[in-house]
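1. okay, predicted coordinates and the sequence, questions at the end:
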Amino acid sequence: MGNIPEKSVWALLEQQDGKLGDGSLELAGEAARLALKLKTEAIAVVLGNLPADQVSLLAQHGAKKIVIIDHPALSEPSVEVRASLLAALIKAHSPEIVLAIDSVSGSDLAVRIATQLNTGLVTACDRVDTNPEGVLVDTKPVYAGKAAAMCATSGAKPQMATVNLDALDLKTPNPKNTAEVITLTPEFQPPSARVRKVGFIKGDPKSIPLTEAEIVVCAGMGITAKENLKLVEDLANAIGGSVAATRRVVDEGWVGLPRQVGLTGKTVRPRLYIACGVSGAIQHTLGMKDSRAIIAVNIDKNAPIFKIADVAILGDVLKVLPALTAHLKQALAQVQKPTVGNVLNAAASLKAK
């Protein structure tokens with residue numbers, strides 16, 4: 001069933017509509033790093049055909065061996081069928097480690113696979129590594145991110161973990177890299193599907209918990225008055241973000257306590273954090289410093305928030321926000337599927353102007 005070595009490191013990658021899912025390139029690179037430590041091979045595993053451009057992307061980011069699973073059962077939109085198929089392949093090839101992204105679908109799949117294999121699984125990890133004995137050691141946040149726990153499932157085979165998307169770094173691509181592509185059509189009798197995926201309803205950014213928001217737009221005292229909070233809300237609505245606030249804004253009663261970010265509020269790690277008139281006091285930054293990307297708007301060029309910002313916009317937040325909102329609306333209208341990367345690029349272009 002193909003040249004797939006035992007005791008390898010597998011990365012279970014997601015794809016939809018011919019595109020790799022968020023975090024796939026990062027997870028493939030993480031698998032390659034672990035495989036190098038264990039002196040084995042990393043395998044990027046994809047369910048269904050993968051276009052050549054996506055194969056090339058995986059190779060550029062460190063995947064040296066890509067296994068594409070082709071089976072008629074994959075036409076069934078059932079996580080049960082996919083989990084059973086992957087569990088059968090894992091049994092056949094005995095990988096040492098199996099990783100997945102801690103997304104809605106990735107974690108669902110990983111839990112089902114681990115159950116079928118009767119093996120251990122550590123979910124929502126910020127870091128995965130191996131100790132000198134080759135045991136997978138996982139670090140995951142606990143107590144709302146205020147502490148971390150180290151976990152290991154040394155007696156489990158394979159050792160499994162799901163990794164938080166915002167904890168993975170994207171390696172620098174090498175256009176010269178190539179990968180061996182193996183297509184498998186295993187003999188597999190799919191189980192009767194009891195659960196089918198019929199669609200995905202995204203949560204309303206206005207009501208979901210801040211800790212689950214992909215984009216957070218935070219109001220600081222730089223907005224000067226409650227009525228100016230609308231500028232922050234307009235920006236959040238334009239890019240599908242959730243509104244948050246610093247402690248002082250909450251203390252003023254402009255925003256409710258559940259929306260407070262900081263040491264005495266929520267600890268958030270969104271894919272994008274936009275700080276609007278936020279100075280960047282340590283009590284606040286402790287609650288958002290691990291955001292994947294940070295845009296900061298402030299009139300003070302010495303504001304501490306600029307030290308951790310990926311995009312720094314110097315100016316009066318009351319004048320910048322309307323311009324930023326209009327600019328982002330125009331820029332995002334030109335792309336079919338707006339992403340956090342689109343927002344960052346658009347914000348950076350406004351800064352350049």
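-> Perfect, I can see it now.
2. in the stretch 251-353 of the chain, which spans are strands?
-> 272-276, 294-298, 311-314 (DSSP state E, counting those that start in this stretch).
3. can you add mean pLDDT, distance to Ala28 and mean neighbour count and give these back as a markdown table?
-> All C-beta spots, glycine's among them, are computed from the backbone N, C-alpha and C. A markdown table is the format used below for these (pLDDT from 0 to 100; distance: least, Cβ to Cβ, whole Å; neighbours: other Cβ atoms under 10 Å):
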| stretch | mean pLDDT | distance to Ala28 | mean neighbour count |
| --- | --- | --- | --- |
| strand 272-276 | 95 | 23 | 30 |
| strand 294-298 | 95 | 26 | 26 |
| strand 311-314 | 92 | 27 | 19 |
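4. tabulate these in CSV, adding columns for distance to Pro5.
-> Converted to CSV, the strands of the stretch 251-353 of the chain look like this (distance: least, Cβ to Cβ, whole Å):
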stretch, distance to Pro5
strand 272-276, 39
strand 294-298, 41
strand 311-314, 43
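5. now do the same contact list for Lys19.
-> Gln54 (Cβ atoms under 8 Å, 6 or more residues apart in numbering).
6. for the stretch 51-200 of the chain, which segments count as helices?
-> Ranges of helices in the stretch 51-200 of the chain, per DSSP state H, counting those that start in this stretch, are 52-60, 79-93, 104-117.
7. export these as JSON lines, with columns for mean pLDDT, mean neighbour count and distance to Asp316.
-> Listed next are the helices of the stretch 51-200 of the chain as JSON lines, based on pLDDT from 0 to 100; neighbours: other Cβ atoms under 10 Å; distance: least, Cβ to Cβ, whole Å:
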{"stretch": "helix 52-60", "mean pLDDT": "90", "mean neighbour count": "17", "distance to Asp316": "41"}
{"stretch": "helix 79-93", "mean pLDDT": "91", "mean neighbour count": "19", "distance to Asp316": "50"}
{"stretch": "helix 104-117", "mean pLDDT": "93", "mean neighbour count": "19", "distance to Asp316": "40"}
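8. nearest to Gln334, of those helices?
-> With Cβ to Cβ as the measure, helix 52-60 is the member of the helices of the stretch 51-200 of the chain nearest Gln334 (21.1 Å).
9. distance check, the residue nearest to the spatial centre of the chain against Glu30.
-> Nearest to the geometric centre of the chain sits Leu165, at 2.4 Å (Cα atoms, centre = their mean). In this view, Leu165 and Glu30 are 12 Å apart by Cβ to Cβ, to the nearest Å.
10. for Leu344, same thing?
-> The value you get for Leu344 to Glu30, if Cβ to Cβ is used, is 22 Å.
11. so for these two, which sits in the more crowded spot?
-> The neighbour comparison of Leu344 against Glu30 (other Cβ atoms under 10 Å) goes to Glu30, with 24 against 18.
12. got phi/psi on that one?
-> When read as degrees, to the nearest 10, the backbone of Glu30 gives phi -70, psi -40.
13. contacts only, for it.
-> Contact analysis of Glu30 by Cβ under 8 Å, 6+ apart lists 11, 99, 128, 163, 168.
14. which other residues reach stretch 288-299?
-> Taking Cβ under 8 Å, 6+ apart as the rule, stretch 288-299 contacts 145, 166, 216, 218, 222, 261-262, 267-280, 303, 305-306, 308-317, 320-321, 324, 340, 344, 347.
15. 6 Å - rerun?
-> Stretch 288-299 is touched from outside by 166, 261, 268-276, 305-306, 308-313, 316-317, 320, 344, 347, with contacts defined as Cβ atoms under 6 Å, 6 or more residues apart in numbering.
16. now stretch 246-262
-> By Cβ under 6 Å, 6+ apart, stretch 246-262 touches 218-221, 226, 229, 244-245, 268, 278, 283-284, 287-288.
17. narrow those residues to those that are buried.
-> Neighbour-count burial (16 or more other Cβ atoms under 10 Å) applied to the contacts of stretch 246-262 gives 218-221, 229, 244-245, 268, 278, 284, 287-288.
18. among the residues you listed, which one sits closest to Gln334?
-> Distances from Gln334 to the buried ones among the contacts of stretch 246-262, taken by Cβ to Cβ, are shortest for Cys218, at 26.6 Å.
19. could you measure the residue nearest to Leu321 when sequence neighbours are not counted against Val320, distance?
-> Nearest residue to Leu321 in three dimensions, chain neighbours excluded: Leu231, at 4.2 Å (Cβ to Cβ, 6 or more residues apart in numbering). Using Cβ to Cβ, Leu231 is found at 9 Å from Val320.
20. how about Leu99: what's its closest non-neighbour residue?
-> Spatial nearest neighbour of Leu99, excluding adjacent residues (Cβ to Cβ, 6+ apart): Ala11 at 5.1 Å.
21. again, but for Asp300
-> Using Cβ to Cβ, 6+ apart, the nearest residue to Asp300 is Ser279, at 7.2 Å.
22. how about Leu57?
-> Counting by Cβ to Cβ, 6+ apart, the residue nearest Leu57 is Leu25, at 6.3 Å.
23. the helix or strand in which that neighbour is found to helix 104-117, inter-axis angle?
-> If you go by DSSP states H and E, Leu25 is part of helix 24-38. On the basis of axes from the mean of the first three to the mean of the last three Cα atoms, to 10 degrees, helix 24-38 is oriented at 40 degrees to helix 104-117.
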